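Undergrad: Return atomic coordinates for the entry below.
(2 chains)
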Amino acid sequence: MTESGHEAVMAGLSAQLSRLWRYGLVLSGNRSVAEDLVQATCVRALERADQFTPGTRLDRWLFTILHSIWLNEVRAARLRRGRGLVDPESGLVFDGIKEIETNILAAQVLREVQSLPEAQRETVFLVYAEGLTYREAAKILAVPIGTIMSRLAGARAKLAALAGEDVSGEKKKKR
Amino acid sequence: MTDNMQGNLPTDSTLVAYLDGELPETERGELEARLRIDAALKRRLDYLATGARPFADAFDALVTGAPTERLQRNLAQARIKAVAGSWSRRPLATLAAGLLIFAVGAALGFGLLRVVQQPNEIAESVAADAWREVVAEYLTLYTSETLADIPEDAAQRARELSTIAGKLAIDISPDEVALPDLAFKRAQLLDLDGQPLAQIAYLSRFGPVAFCVIKDDQPDAGREFEERHGQRIVYWSKGGHAFMLIGKLPQSQLEALAETLDQRML
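TA: The predicted structure is shown next:
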């Protein structure tokens, strides 16, 4: 019955907003773009609520929508406007990091993740922070599992290198 | 996931999948056997393991910074927009000067009520009845559900009103907008082609009701009644502002409430 798909979305959407926003922030590195992404995701989810299968994971379904909006619309629009994307290497960090400076470890981890290329960053987030399986992440990102694996391997190698630098460069700061 | 195990050196992808517990049983056995005899491979595995972080904890810290209140409000507006989408085959009303494009729900923040029109005609059309046409058209998109989920929050309502008071240079307090039999749900600042438009929304047993205010710099004018888009409207001008009370209330009730508001304003 299509109506129950609609009802499931209507009932479940509001509990997912913060997590959607976080995903939007991971992608865009910008709080207000993240908000717009959530808004666009809600609109599309409501329009297509009948396509949601009740009993399946609503969060996964919403992630898929948000990802495709980001990929097809927001990012495309930003590129068209010639602003380019937030350069992950430029040292720009999530807007959100500023808010959690008191949590030093969390802020450092987020900075490191932010330094990864977008595809790796997003995959790390979905698998390691959201706890998706490789298969689930592959489905949301519409890529083969092998791509998920190579992105995570690339991310791990880079983070391992950062850990090495940290040990040699900041030894004195540590207890 | 299998190919790289046959004779070739396992790749980083395989090692990371192993660390993540994502390697199928058989491959895991093969890899573990190999790790026992291949010190270089084991070193690589250990190295990649240092690329782990407390990711979940770190990202949890991020989610606490989400602007939840605004996201919830936006969701309420997305619900309106979704309703509007289902109306899309209905021709949009041709507004006063035939020059307006009415776009519901511009994706950003409050930019919900947006009118695009030719600049030289803005002043007259807004000052005349165009704003009532826009508001009436807009209010047809509201249902009781649009407002039902907004939690009661007196402090929040007071803040909303104070924003409006500042923008419109008008005295407007929770007491002044309180109406009998109507639940005051929300006060929003909208934008009518660059002019601030206050919308104070109520829920009645006849559905949504809105009290709207915009600057008009016109002479005072007494209360008048009209109907637009199935909505009943009482409107008047006073002290450089235009007011309207709109909804599907019975005319007599609407007029009584409008009189109350008229007497309280200014």
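Undergrad: Pretty sure A:I140 sits in a helix.
TA: Yes - counting by DSSP: H, G, I helix; E, B strand; the rest coil, A:I140 falls inside a helix.
Undergrad: Identify the residues contacting it.
TA: Residues in contact with A:I140 (CB atoms under 8 Å, 6 or more residues apart in numbering or on different chains) are A:60, A:63-64, A:67, A:126, A:132. Heads up, the C-betas are built off the backbone N, CA and C, glycines and all.
Undergrad: got a list of contacts for stretch B:244-252?
TA: B:132, B:135-136, B:139, B:202, B:204, B:206-212, B:225, B:230-236, B:254, B:257-258, B:261.
Undergrad: Keep only those of these that are in helices.
TA: If you go by DSSP state H, the contacts of stretch B:244-252 have B:132, B:135-136, B:139, B:254, B:257-258, B:261 in helices.
Undergrad: A:M149 contacts B:S13, correct?
TA: Yes - between A:M149 and B:S13 there is a contact under CB atoms under 8 Å: 3.9 Å.
Undergrad: Closest one of the ones in helices among the contacts of stretch B:244-252 to chain A?
TA: B:L139 (19.7 Å; CB to the nearest CB).
Undergrad: show me what contacts the closest one?
TA: Counting by CB under 8 Å, 6+ apart, B:L139 makes contact with B:208, B:210, B:229, B:231, B:246-247.
Undergrad: Return the closest of those with respect to B:P219.
TA: Nearest to B:P219, judged by CB to CB, of those is B:I246 at 22.2 Å.
Undergrad: Could you list everything the closest one pairs with in the sheet?
TA: In this entry, B:I246 is beta-bridged to B:A210, B:I233, by DSSP bridges.
Undergrad: Number of residues surrounding it?
TA: Residues near B:I246, counting by other CB atoms under 10 Å in any protein chain shown, number 27.
Undergrad: and it, how far is that from A:H6?
TA: With distances taken as CB to CB, to the nearest Å, B:I246 is found 29 Å from A:H6.
Undergrad: burial count for B:R73?
TA: 16.
Undergrad: so what's the nearest residue to B:N74 once chain neighbours are set aside scoring on pLDDT?
TA: Nearest in space to B:N74, with sequence neighbours left out and distances taken as CB to CB, 6 or more residues apart in numbering or on different chains, is A:Q39 at 4.7 Å. Note on A:Q39: pLDDT of 89.
Undergrad: Report the buried residues of the longest helix anywhere in chain A.
TA: Ranked by residue count and defined by DSSP H, the top helix of chain A is helix A:2-28. Neighbour counts over helix A:2-28 (16 or more other CB atoms under 10 Å in any protein chain shown) mark A:5-6, A:8-9, A:12-13, A:16-28 as buried.
Undergrad: Kindly provide the whole-number mean pLDDT of it.
TA: Here the average pLDDT along helix A:2-28 is 86.
Undergrad: Could you do stretch B:196-207 as well?
TA: 91.
Undergrad: Now for the nearest residue to A:Y23 once chain neighbours are set aside, how many residues are close by?
TA: Spatial nearest neighbour of A:Y23, chain neighbours left out: A:L66 (5.7 Å); criterion: CB to CB, 6+ apart. By the criterion of other CB under 10 Å, A:L66 has 27 neighbours.
Undergrad: what's in contact with the helix or strand harbouring A:L66?
TA: A:L66 belongs to helix A:58-69 when elements are defined using DSSP states H and E. When contacts are defined by CB under 8 Å, 6+ apart, helix A:58-69 is touched by residues A:8-9, A:12-13, A:16, A:19-20, A:23-24, A:27, A:37-38, A:40-41, A:44-45, A:48, A:52, A:122, A:126, A:130, A:132, A:136, A:139-142.
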